[in-house]
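Chemist: Sequence plus the predicted model coming up.
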Amino acid sequence: MDQYDTIILGYPCWWGTYPMCVATFLEGHDWTGKTVIPFTTHEGSGFGQSLRDLKAAIPAATIKKGLSIQGSKVKSAQAQIEKFVTGGK
């Protein structure tokens, strides 16, 4: 992780936040000066409280606007995903 300045962090939104395995990953690294761009799948909650939870878990990182896609709509979200990955280009 030390060699990366920007991390694209993906996770499912379960019960309104990221799962515990993501929490363990976050705890295991130094996020000082890192930029985190989150993306998630969900079934109606969007990011839920996960962005707030990310900010609390890794306060030394900058959390950017991410992408939230309803899991049942992922198959038809290719254009949305490509726009996210390319920064809208």
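Modeler: On my side now, so go ahead. If you're wondering where the values come from, they're calculated on a predicted model, not measured in any experiment.
Chemist: if I pick the spatially most central residue of the chain, what's in contact with it?
Modeler: Among the residues of the chain, the one closest to the centroid is residue 38, at 2.0 Å (C-alpha atoms, centre = their mean). Residue 38 sits next to 8, 9, 10, 11, 47, 50, 51, 54, 63, 64, 66, 67 when contact means C-beta atoms under 8 Å, 6 or more residues apart in numbering. No exception for glycine: its C-beta is placed from N, CA and C like everyone else's.
Chemist: and residue 41, how many neighbours?
Modeler: When counting by other C-beta atoms under 10 Å, one arrives at 17 neighbours for residue 41.
Chemist: What number of residues are in the vicinity of the spatially closest residue to it that is not a sequence neighbour?
Modeler: Distance criterion C-beta to C-beta, 6 or more residues apart in numbering; nearest residue to residue 41, sequence neighbours excluded, is residue 71 at 4.3 Å. Residue 71 has 14 neighbours, counted by other C-beta under 10 Å.
Chemist: ok, now which ones touch residue 71?
Modeler: Residue 71 makes contacts with 12, 41, 42, 43, as judged by C-beta under 8 Å, 6+ apart.
Chemist: Any chance of the residues you listed in TSV with secondary structure as columns?
Modeler: Listed next are those as TSV, based on DSSP: H, G, I helix; E, B strand; the rest coil:
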residue	secondary structure
12	strand
41	strand
42	strand
43	coil
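Chemist: Tell me which two in the residues you listed are the farthest apart.
Modeler: Greatest spatial distance among the contacts of residue 71 (C-beta to C-beta): 12 and 43, at 9.1 Å.
Chemist: Could you give the separation of stretch 19-32 from the chain centroid?
Modeler: 12 Å (C-alpha atoms, centre = their mean, to the nearest Å).
Chemist: just the strands in this protein please.
Modeler: Assignment of strands within the chain using DSSP state E yields the ranges 6-12, 35-42, 62-63, 67-70.
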